[in-house]
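Chemist: here is a sequence together with a model predicted from it:
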Amino acid sequence: MRRWNLADQTKSNITHSASTFAIVLFMAGLILMTAMDAAVKWLVEDRVHVIQLLFVRSVIITAMLLIFYSSRRQLKQLKPVRFKAQCTRGLIGFMAPFGFFLALKYLPLTAANVVFFSNIFFITLASAIFLKEKVGVYRWSAVFVGYIGVFIAIDATADGELFGYMLILLSSVVYAFLFVSGRKLRATETSQSLVLFYNMGVGAIAFFWLPGIWQTLTMADWLGIVMVSVLAVFGQYCMTHAFALADASLLAPLNYTTIVLTVLFDWVLWHTLPSAQTLLGATIIIVSSCVVIYRQHSVNTKSTS
């Protein structure tokens, strides 16, 4: 019979405690980010242009990052090493929030988030092509089945317009680019600089569109945009810190609890519920995504053992 010493038990307790705290943090981040999506939908439906929202949000987030790290005398963490690569990533990455936020003008929250879950399949494809990661038959099969789920979930007759779904798919593709490019750049860049330059890139693109679309914002609009920005910063912080405390394979499946949150927001704020077709597609996407996550975790475990 194996005997555990005090050090083993203490280490086990610390690991368990860290994992529990990571789960709590991650769930808090999901709630904040889903609330942000709801606030964005409320703003862009008939109040604020998406470009205005992205520009003001980027200015606020950039200012918050600069003030925070300046107050801690850690501005060097925001300094890029590969300046051109960071700028390129930020400029291309503009299409991720632009596509998603604009789609919320046409789609219910639940339908938009269900189709956006397809990003894990785009990430798998991009990782195999650009990062030369080995993807086995199980993950390829899960990706194929997952895309079937995406096509089922796109219920333009019941849950919105086809244009909105196309915007979500575009956003998912660009998000996959952001994920893969971020992984490549992390060899030389800090996470803080990646966040800063991404938001600066989004703000720069939005700035050039402003003259043709700017409209006067009410106090409620300004407060809404500030709320969106604050929710984004704290939501991302919670989720990023959670990933630093626990394995991605433990946390990633929790992403799908956002469906419950979005259904609640849709029901309470917009009095809509997802169709059976959307829920069927969501089920297929979630199961396929979990297979991809599990297989990736198994590969990573074998490679480090």
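Modeler: Received, thanks. Everything numeric here is computed off the predicted structure, so don't read it as measured data. Numbers count the residues shown, from 1 in each chain.
Chemist: just the element for residue 110, please.
Modeler: Following DSSP states H and E, the helix or strand that holds residue 110 is helix 109-116.
Chemist: got the buried residues for whichever helix or strand comes after that helix?
Modeler: Counting by DSSP H and E, the next helix or strand C-terminal to helix 109-116 is helix 119-130. By 16 or more other C-beta atoms under 10 Å, the buried positions in helix 119-130 come out as 119, 120, 121, 122, 123, 124, 125, 126, 127. C-betas here are computed from N, CA, C, even on glycine.
Chemist: if we can go back for a sec, contacts made by the helix holding residue 110 with the rest, please.
Modeler: With C-beta atoms under 8 Å, 6 or more residues apart in numbering as the test, helix 109-116 has contacts from 34, 37-38, 41, 100, 103-104, 150, 153-155, 159-160, 164-165, 168-169, 171-172, 175, 258-259, 262-263, 265-266, 270, 274, 278, 281-282, 285.
Chemist: switch the cut-off to 7 Å
Modeler: For helix 109-116, contacts defined as C-beta atoms under 7 Å, 6 or more residues apart in numbering pick out 37-38, 41, 100, 103-104, 150, 153-154, 159-160, 165, 168-169, 171-172, 258-259, 262-263, 265-266, 274, 278, 281-282, 285.
Chemist: so what pLDDT did residue 246 get?
Modeler: If you check residue 246, the pLDDT there is 76.
Chemist: for this structure, which helix is longest?
Modeler: Ordering each helix of the chain by length in residues (DSSP state H) puts helix 6-44 first.
Chemist: residues of the helix or strand just after it that come out buried?
Modeler: Per DSSP H and E, helix 6-44 leads on to helix 50-71 as the next helix or strand towards the C-terminus. Under the neighbour-count criterion of 16+ other C-beta under 10 Å, helix 50-71 has 50-62, 64-65, 69 buried.
Chemist: distance to residue 221 and pLDDT added to the buried residues of helix 119-130, as JSON lines?
Modeler: Output for those, formatted as JSON lines (distance: C-beta to C-beta, whole Å; pLDDT from 0 to 100):
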{"residue": "119", "distance to residue 221": "29", "pLDDT": "88"}
{"residue": "120", "distance to residue 221": "34", "pLDDT": "86"}
{"residue": "121", "distance to residue 221": "36", "pLDDT": "89"}
{"residue": "122", "distance to residue 221": "33", "pLDDT": "89"}
{"residue": "123", "distance to residue 221": "34", "pLDDT": "85"}
{"residue": "124", "distance to residue 221": "39", "pLDDT": "86"}
{"residue": "125", "distance to residue 221": "38", "pLDDT": "88"}
{"residue": "126", "distance to residue 221": "36", "pLDDT": "86"}
{"residue": "127", "distance to residue 221": "39", "pLDDT": "84"}
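Chemist: between the residues you listed, which is closest to residue 84?
Modeler: residue 126 (20.6 Å; C-beta to C-beta).
Chemist: ok, now which ones touch the closest one?
Modeler: Residue 126 is in contact with 176, 177, 180, counting by C-beta under 7 Å, 6+ apart.
Chemist: narrow the residues you listed to those in helices?
Modeler: Going by DSSP H, the helices hold 176, 177, 180 from those.
Chemist: is it true that the last one touches residue 130?
Modeler: Yes. Distance between residue 180 and residue 130: 5.5 Å, which falls inside the contact criterion (C-beta atoms under 7 Å).
Chemist: distance-wise, check residue 21 relative to residue 33.
Modeler: Between residue 21 and residue 33 the computed distance is 19 Å (C-beta to C-beta, to the nearest Å).
Chemist: more neighbours: the two, which one.
Modeler: residue 33 (20 against 14; other C-beta atoms under 10 Å).
Chemist: number of nearby residues for residue 85?
Modeler: Applying other C-beta under 10 Å, we find 16 residues neighbouring residue 85.
Chemist: same check on residue 45?
Modeler: Residue 45: 12 surrounding residues under other C-beta under 10 Å.
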